[in-house]
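Undergrad: Whatever this is, show me its structure:
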Amino acid sequence: MPTDDEEVMGLFAKYRDQFNIPLKLADVVEKALGVDSDYIAIFIPGGHGALIGLPESKDMTAALEWAMTNNKLIVSLCHGPAAFLAAGDNSPFAGYKICAFPDDLDAQTPGIGYMPGHLTWKFGEKLKAIGFEIVNHDISGALCQDRMMLTGDSPLAGNALGKLAASALLEAIGND
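TA: Numbers count the residues shown, from 1 in each chain. Have a look, this model is predicted:
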(Lines give C-alpha, C1' and ligand atoms only; values in the text may rest on other atoms or scores of the structure.)
Protein backbone atom coordinates (compact mmCIF):
# COMPACT_ATOMS: atom_id res chain seq x y z
CA MET A 1 0.00 0.00 0.00
CA PRO A 2 1.57 3.30 -1.04
CA THR A 3 0.90 5.02 2.29
CA ASP A 4 2.82 8.15 1.27
CA ASP A 5 0.51 8.77 -1.72
CA GLU A 6 -2.24 11.06 -0.43
CA GLU A 7 -4.53 10.45 -3.42
CA VAL A 8 -4.37 6.67 -3.06
CA MET A 9 -4.89 6.85 0.70
CA GLY A 10 -7.83 9.24 0.24
CA LEU A 11 -9.42 6.90 -2.29
CA PHE A 12 -8.85 3.95 0.01
CA ALA A 13 -10.39 5.79 2.97
CA LYS A 14 -13.42 6.79 0.89
CA TYR A 15 -14.12 3.21 -0.22
CA ARG A 16 -12.74 1.26 2.79
CA ASP A 17 -16.16 -0.06 3.83
CA GLN A 18 -16.88 -1.32 0.31
CA PHE A 19 -13.46 -3.02 0.14
CA ASN A 20 -14.43 -4.96 3.26
CA ILE A 21 -17.62 -6.34 1.65
CA PRO A 22 -16.72 -7.20 -1.95
CA LEU A 23 -19.48 -8.10 -4.37
CA LYS A 24 -19.86 -11.63 -5.67
CA LEU A 25 -19.32 -12.00 -9.40
CA ALA A 26 -22.81 -13.52 -9.69
CA ASP A 27 -24.33 -10.37 -8.18
CA VAL A 28 -22.37 -8.10 -10.51
CA VAL A 29 -23.44 -10.13 -13.55
CA GLU A 30 -27.09 -10.19 -12.44
CA LYS A 31 -27.46 -6.58 -11.31
CA ALA A 32 -24.75 -4.41 -12.80
CA LEU A 33 -23.62 -5.59 -16.22
CA GLY A 34 -25.64 -4.32 -19.11
CA VAL A 35 -25.54 -1.77 -21.87
CA ASP A 36 -25.84 1.12 -19.41
CA SER A 37 -23.38 -0.32 -16.89
CA ASP A 38 -21.04 1.96 -14.96
CA TYR A 39 -18.31 -0.68 -15.26
CA ILE A 40 -15.59 0.13 -17.77
CA ALA A 41 -13.43 -2.99 -17.51
CA ILE A 42 -12.96 -6.43 -16.05
CA PHE A 43 -9.88 -7.15 -13.94
CA ILE A 44 -8.99 -10.76 -13.24
CA PRO A 45 -6.17 -10.95 -10.70
CA GLY A 46 -3.52 -13.63 -10.78
CA GLY A 47 -2.59 -16.25 -8.30
CA HIS A 48 -3.39 -19.94 -8.30
CA GLY A 49 -6.89 -19.20 -7.00
CA ALA A 50 -7.84 -18.15 -10.53
CA LEU A 51 -7.46 -21.80 -11.56
CA ILE A 52 -10.24 -22.87 -9.19
CA GLY A 53 -13.77 -22.28 -10.39
CA LEU A 54 -13.30 -19.34 -12.76
CA PRO A 55 -12.52 -21.44 -15.86
CA GLU A 56 -15.88 -23.23 -15.47
CA SER A 57 -17.87 -20.28 -14.13
CA LYS A 58 -21.03 -19.30 -16.03
CA ASP A 59 -20.75 -15.89 -14.36
CA MET A 60 -17.22 -15.49 -15.72
CA THR A 61 -18.55 -16.49 -19.15
CA ALA A 62 -21.24 -13.80 -18.87
CA ALA A 63 -18.73 -11.17 -17.74
CA LEU A 64 -16.38 -11.93 -20.63
CA GLU A 65 -19.28 -11.87 -23.10
CA TRP A 66 -20.39 -8.51 -21.67
CA ALA A 67 -16.88 -7.09 -22.11
CA MET A 68 -16.65 -8.30 -25.70
CA THR A 69 -20.14 -7.12 -26.63
CA ASN A 70 -19.62 -3.68 -25.08
CA ASN A 71 -16.00 -3.16 -26.18
CA LYS A 72 -14.70 -3.04 -22.59
CA LEU A 73 -11.17 -3.70 -21.41
CA ILE A 74 -10.22 -7.07 -19.97
CA VAL A 75 -7.11 -6.91 -17.78
CA SER A 76 -5.39 -9.92 -16.26
CA LEU A 77 -2.10 -11.00 -14.74
CA CYS A 78 -0.11 -14.15 -14.07
CA HIS A 79 -2.57 -17.08 -13.61
CA GLY A 80 -5.63 -14.85 -14.07
CA PRO A 81 -5.92 -15.63 -17.80
CA ALA A 82 -7.07 -19.13 -16.79
CA ALA A 83 -10.46 -17.44 -16.40
CA PHE A 84 -10.51 -16.89 -20.17
CA LEU A 85 -11.25 -20.61 -20.46
CA ALA A 86 -14.79 -19.75 -19.37
CA ALA A 87 -15.30 -18.42 -22.91
CA GLY A 88 -15.51 -22.05 -24.03
CA ASP A 89 -14.11 -24.15 -26.84
CA ASN A 90 -15.42 -21.78 -29.53
CA SER A 91 -13.82 -18.81 -27.83
CA PRO A 92 -14.34 -15.36 -29.31
CA PHE A 93 -10.75 -14.77 -28.21
CA ALA A 94 -9.26 -17.30 -30.63
CA GLY A 95 -6.26 -15.62 -32.23
CA TYR A 96 -5.63 -13.27 -29.31
CA LYS A 97 -2.07 -12.89 -28.03
CA ILE A 98 -1.55 -12.82 -24.26
CA CYS A 99 1.09 -13.04 -21.56
CA ALA A 100 0.54 -15.55 -18.75
CA PHE A 101 2.51 -17.46 -16.15
CA PRO A 102 4.23 -20.31 -18.05
CA ASP A 103 3.14 -23.89 -17.44
CA ASP A 104 6.81 -24.97 -17.43
CA LEU A 105 7.54 -22.71 -14.47
CA ASP A 106 4.45 -23.91 -12.61
CA ALA A 107 5.88 -27.42 -12.91
CA GLN A 108 8.99 -26.24 -11.03
CA THR A 109 7.24 -24.49 -8.12
CA PRO A 110 7.00 -27.54 -5.81
CA GLY A 111 10.77 -27.93 -6.05
CA ILE A 112 11.39 -24.44 -4.73
CA GLY A 113 8.85 -24.78 -1.94
CA TYR A 114 6.27 -22.43 -3.40
CA MET A 115 3.58 -25.10 -3.83
CA PRO A 116 3.15 -28.30 -1.84
CA GLY A 117 2.64 -30.35 -5.00
CA HIS A 118 2.19 -30.20 -8.73
CA LEU A 119 -0.87 -28.68 -10.36
CA THR A 120 -3.26 -31.21 -11.83
CA TRP A 121 -3.66 -29.37 -15.13
CA LYS A 122 -1.87 -26.78 -17.27
CA PHE A 123 -3.91 -23.68 -17.95
CA GLY A 124 -1.57 -22.39 -20.67
CA GLU A 125 -1.93 -25.62 -22.59
CA LYS A 126 -5.72 -25.33 -22.41
CA LEU A 127 -5.66 -21.67 -23.49
CA LYS A 128 -3.58 -22.59 -26.53
CA ALA A 129 -6.05 -25.35 -27.38
CA ILE A 130 -8.89 -22.79 -27.68
CA GLY A 131 -6.84 -20.45 -29.85
CA PHE A 132 -4.83 -18.14 -27.59
CA GLU A 133 -1.20 -17.45 -28.42
CA ILE A 134 0.92 -17.06 -25.29
CA VAL A 135 3.79 -14.78 -26.31
CA ASN A 136 6.06 -15.19 -23.29
CA HIS A 137 8.06 -18.26 -22.27
CA ASP A 138 9.42 -16.99 -18.97
CA ILE A 139 8.63 -14.38 -16.34
CA SER A 140 10.28 -11.05 -17.00
CA GLY A 141 7.51 -8.54 -16.39
CA ALA A 142 6.34 -8.80 -19.99
CA LEU A 143 3.05 -7.22 -21.08
CA CYS A 144 0.81 -7.80 -24.05
CA GLN A 145 -1.99 -5.68 -25.43
CA ASP A 146 -4.20 -7.29 -28.05
CA ARG A 147 -7.26 -5.27 -28.90
CA MET A 148 -9.11 -4.65 -25.61
CA MET A 149 -7.20 -7.32 -23.66
CA LEU A 150 -4.22 -6.37 -21.49
CA THR A 151 -2.15 -9.10 -19.85
CA GLY A 152 1.04 -9.48 -17.83
CA ASP A 153 3.19 -12.56 -17.30
CA SER A 154 3.65 -12.54 -13.53
CA PRO A 155 3.77 -10.34 -10.44
CA LEU A 156 6.85 -8.80 -12.05
CA ALA A 157 4.49 -7.19 -14.59
CA GLY A 158 2.11 -5.82 -11.95
CA ASN A 159 3.27 -2.21 -11.84
CA ALA A 160 3.67 -1.85 -15.60
CA LEU A 161 0.30 -3.53 -16.22
CA GLY A 162 -1.31 -1.14 -13.76
CA LYS A 163 0.13 1.83 -15.64
CA LEU A 164 -0.93 0.42 -19.01
CA ALA A 165 -4.42 -0.30 -17.69
CA ALA A 166 -4.74 3.17 -16.13
CA SER A 167 -3.79 4.79 -19.42
CA ALA A 168 -6.19 2.59 -21.40
CA LEU A 169 -9.01 3.20 -18.90
CA LEU A 170 -8.52 6.96 -19.05
CA GLU A 171 -8.61 6.77 -22.82
CA ALA A 172 -11.76 4.64 -22.70
CA ILE A 173 -13.67 7.07 -20.49
CA GLY A 174 -12.47 9.98 -22.56
CA ASN A 175 -14.06 8.42 -25.65
CA ASP A 176 -17.46 7.75 -24.05
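
Undergrad: ok, which stretches of the protein are helices?
TA: Using DSSP state H, the helices of the chain run over 6-19, 25-31, 58-69, 103-106, 123-129, 158-174.

Undergrad: Of all residues in this structure, which one is nearest the centre?
TA: residue 76 (2.2 Å; CA atoms, centre = their mean).

Undergrad: For the protein, which residues score under the pLDDT cut-off?
TA: 175-176 (pLDDT under 70).

Undergrad: For the residue lying closest to residue 3 once chain neighbours are set aside, the count of nearby residues, please.
TA: Leaving aside its sequence neighbours, residue 3 sits nearest to residue 9 (CB to CB, 6 or more residues apart in numbering; 6.3 Å). The way it works is simple: take the backbone N, C-alpha and C, and place the C-beta from them, glycine included. Neighbour count for residue 9, taken as other CB atoms under 10 Å: 13.

Undergrad: how far away is residue 9 from residue 22?
TA: According to CB to CB, to the nearest Å, residue 9 and residue 22 sit 20 Å apart.

Undergrad: picking that back up, distance to residue 45 added to the helices of the chain, as TSV?
TA: Formatted as TSV, these follow (distance: least, CB to CB, whole Å):
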stretch	distance to residue 45
helix 6-19	14
helix 25-31	12
helix 58-69	13
helix 103-106	17
helix 123-129	14
helix 158-174	10
